[in-house]
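Engineer: this one's structure only:
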């Protein structure tokens, strides 16, 4: 059995001995010239914007953005801007005004 | 050693003579096509590779130094281009699932390499040759190139060494490993029920 397999393998291994050279189909030169003149000499099988590439690129950009947003370090400048914004907001909505309670708490309780 | 005829042809090519280019293509087209076919195992891909090879020869003939034979240089370009195509095909397969979700039936050609039969094989050896060709496709790149150049182009180990930029012992070892691998692949396939 093993000898049969070995013989068969040898037969297969020698099957390309004395093989004839394959020839290009007719008018190869004309097709080549056409391609050269059309200026599409660059390889067609390189990187291309296939949908799969596009999806992957978009996914990569999305993940990178989310990561950067979540891991963004808060700088001193940002902190002071935030405080400034809060103060502005308070001023705009009069949140710094003193309430009657704060003005005179005892009187306030008496009125109640 | 480069012959005088070859040197003349190279000179004419460097001057940009179209008749020289035509003559070069006619002289080497089957060599290029047959080598590419052995590696990519698909007729239309092999023709595509052959066209790219001649375009590259046309563009870079100015940089060719006549230290090596023209055929050696052309073999080198051919094997590089053919392997590039195989790599591109592999990476395309990796994205195959995503692509299939996106593309329609007509856009995604079905590549069936196992069906490939070399046109130069005689009818009585066709079945065995098809098995061998399928096995060759599974070899590592450099073993595949060496085996194809030896079996399909009939190059000697020394010529293969020149094409691949290797030493003779390196090519001998490459061929030995290629045979061992092919034997393993074929034994597995033949002994399988």
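Structural biologist: Happy to help now that I have it. Quantities reported herein were computed from a predicted structural model and do not represent experimental measurements. Numbers count the residues shown, from 1 in each chain, chains lettered A, B, ... in the order given.

Engineer: Would you mind naming what in chain A lies close to chain B?
Structural biologist: A:5-6, A:8-9, A:11-13, A:15-25, A:28-29, A:31-32, A:35-36, A:41, A:43-46, A:50-53, A:55-56 (CB under 8 Å from any CB of the partner chain). For glycine as for every other residue, the C-beta is placed from the backbone atoms N, C-alpha and C.

Engineer: What's the ChimeraX line that selects buried ones from these?
Structural biologist: Only the buried entries of those go into this ChimeraX selection, using 16 or more other CB atoms under 10 Å in any protein chain shown:
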select /A:8,9,11,12,13,15,16,19,21,22,24,28,32,35,36,41,45,50,52
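
Engineer: Which of the residues of chain A next to chain B fall in helices?
Structural biologist: A:5-6, A:8-9, A:11-13, A:28-29, A:31-32, A:35-36, A:51-53, A:55-56 (DSSP state H).

Engineer: Next, count neighbours for residue B:126.
Structural biologist: Residues lying near residue B:126 (other CB atoms under 10 Å in any protein chain shown) number 13.

Engineer: what's it in contact with, if anything?
Structural biologist: residue B:117 (CB atoms under 8 Å, 6 or more residues apart in numbering or on different chains).

Engineer: Which strand or helix spans it?
Structural biologist: Secondary structure assignment for residue B:126, by DSSP states H and E: helix B:126-136.

Engineer: Just the buried positions in that helix, please.
Structural biologist: Neighbour count says helix B:126-136 has B:128, B:129, B:130, B:131, B:132, B:133, B:134, B:135, B:136 buried, by 16+ other CB under 10 Å.

Engineer: Read off the pLDDT value for the fourth one.
Structural biologist: What that stands for is residue B:131. Looking at residue B:131, its pLDDT stands at 93.

Engineer: just residue B:171 next, same as before
Structural biologist: So, for residue B:171, pLDDT stands at 97.

Engineer: Next, the angle helix B:126-136 makes with the host helix or strand of it.
Structural biologist: Assigned by DSSP H and E, residue B:171 belongs to helix B:168-191. Here helix B:168-191 runs at an angle of 120 degrees relative to helix B:126-136 (axes from the mean of the first three to the mean of the last three CA atoms, to 10 degrees).

Engineer: Helix B:168-191 and chain A in contact?
Structural biologist: Yes - applying CB under 8 Å from any CB, one finds helix B:168-191 touching chain A at B:179, B:182, B:183, B:186, B:187, B:190, B:191.

Engineer: mind putting these in a markdown table, neighbour count, distance to residue B:4 and pLDDT included?
Structural biologist: Shown next, in a markdown table, are these (neighbours: other CB atoms under 10 Å in any protein chain shown; distance: CB to CB, whole Å; pLDDT from 0 to 100):
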| residue | neighbour count | distance to residue B:4 | pLDDT |
| --- | --- | --- | --- |
| B:179 | 13 | 39 | 96 |
| B:182 | 21 | 41 | 96 |
| B:183 | 16 | 45 | 95 |
| B:186 | 23 | 46 | 95 |
| B:187 | 16 | 50 | 93 |
| B:190 | 16 | 51 | 87 |
| B:191 | 13 | 55 | 85 |
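
Engineer: Tell me who's in contact with residue B:45.
Structural biologist: B:36, B:85.

Engineer: and it, what pLDDT?
Structural biologist: Residue-level pLDDT assigned to residue B:45 equals 95.

Engineer: now residue A:80
Structural biologist: pLDDT recorded at residue A:80 is 77.

Engineer: any idea which element it lies in?
Structural biologist: helix A:76-92.

Engineer: other SSEs contacting that helix?
Structural biologist: If you count contacts as 3 or more CB pairs under 8 Å, 6 or more residues apart in numbering or on different chains; DSSP states H and E, helix A:76-92 packs onto no helix or strand.

Engineer: Just checking the distance from that helix to the centre of its chain.
Structural biologist: Mean-position distance between helix A:76-92 and its chain equals 34 Å (CA atoms, centre = their mean, to the nearest Å).

Engineer: what's the answer for stretch B:179-193, then?
Structural biologist: Distance of stretch B:179-193 from its chain centroid, counting by CA atoms, centre = their mean, is 23 Å.

Engineer: what does that stretch contact?
Structural biologist: Contacts for stretch B:179-193 (CB under 8 Å, 6+ apart): A:5-6, A:8-9, A:12-13, B:131-132, B:135-136, B:138-140, B:143, B:147.

Engineer: let's go with 7 Å and repeat that
Structural biologist: Stretch B:179-193 has contacts (CB atoms under 7 Å, 6 or more residues apart in numbering or on different chains) with A:5, A:8, A:9, A:12, A:13, B:131, B:135, B:138, B:139, B:143.
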